[in-house]
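> Mind folding the following:
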Amino acid sequence: MKTQIISMLFACISFSCFGQYDYAPSKEFPFGRPNPKAPEQIKDYEPMIGTCQCKSTSRAPDGTWAEEVDMAWTFQYIMNGLGVQDFTLKSDGTHSGSIRQYDADSAKWFVHYYTSRATGTVPLSYWTGNLEEDKIVLYKPQKSPQGLEGFSRLTFYDFSKDGYKWVGEWIDANNTIVYAFWKIECKRG
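Predicted coordinates:
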């Protein structure tokens, strides 16, 4: 009798566990799938799901554009299709990524960024934002190096079946000064 109860308990636990991961990355769906119980906005990142080969260019300390860095950028559904994770593998050995969760109460994406350049126990930076027409736009309050109030703005745009683009910019509080500090262009296959 004890053995039957243990077997039934194990079967119930196993069955419920498998159901918890129906939308996670798998052999059949290597980048996962959006969970139908997730907010509709989970599909905002659909054009980026998968892996693209990208060219990343950032500003050098003197303000000029540094040399391009090759990178692979992968987006996948995580947390059983309730969130999105991205990660990069860069030819210069610097790697980074983000965990992206949509909060229905605030009607915003919260994007937490991490990088291999971080040292110690630095708290994760985060941006908030939404899909605006045909772009995903995210903001984080940030002063300029000169001390001006403003924002770091990250924008995904120019989506197509062939890829997408991304730009990181600093903008002043009045949105009159826009200074690009990082650009990425991604191609599929």
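> And the helices in the protein?
Under the criterion DSSP state H, the chain carries helices at the ranges 2-20.
> just for it, where's the confidence low?
Applying pLDDT under 70 to the chain picks out residues 1-19, 120-121.
> Which stretches in it count as strands?
50-58, 69-78, 83-90, 95-103, 108-115, 125-132, 135-141, 150-160, 163-172, 178-188 (DSSP state E).
> Select, out of these, the one closest to N35.
strand 69-78 (7.6 Å; CB to CB). No exception for glycine: its C-beta is placed from N, CA and C like everyone else's.
> Tell me the buried residues in the closest one?
For strand 69-78, a neighbour-count test (16 or more other CB atoms under 10 Å) marks V69, M71, W73, T74, F75, Q76, Y77, I78 as buried.
> Then stretch 159-173?
Within stretch 159-173, the residues that count as buried by 16+ other CB under 10 Å are G163, Y164, K165, W166, V167, G168, E169, W170, I171.
> next one: it to chain centre, how far?
13 Å (CA atoms, centre = their mean, to the nearest Å).
> what bridges to G163?
G163 has these beta-bridge partners by DSSP bridges: S160, K187.
> That one against C52, yeah?
Yes - contact criterion CB atoms under 8 Å: G163 and C52 qualify, at 5.4 Å.
> and R153, what does it touch?
When contacts are counted by CB atoms under 8 Å, 6 or more residues apart in numbering, R153 is found next to V137, L138, Y139, G168, E169, W170, I171.
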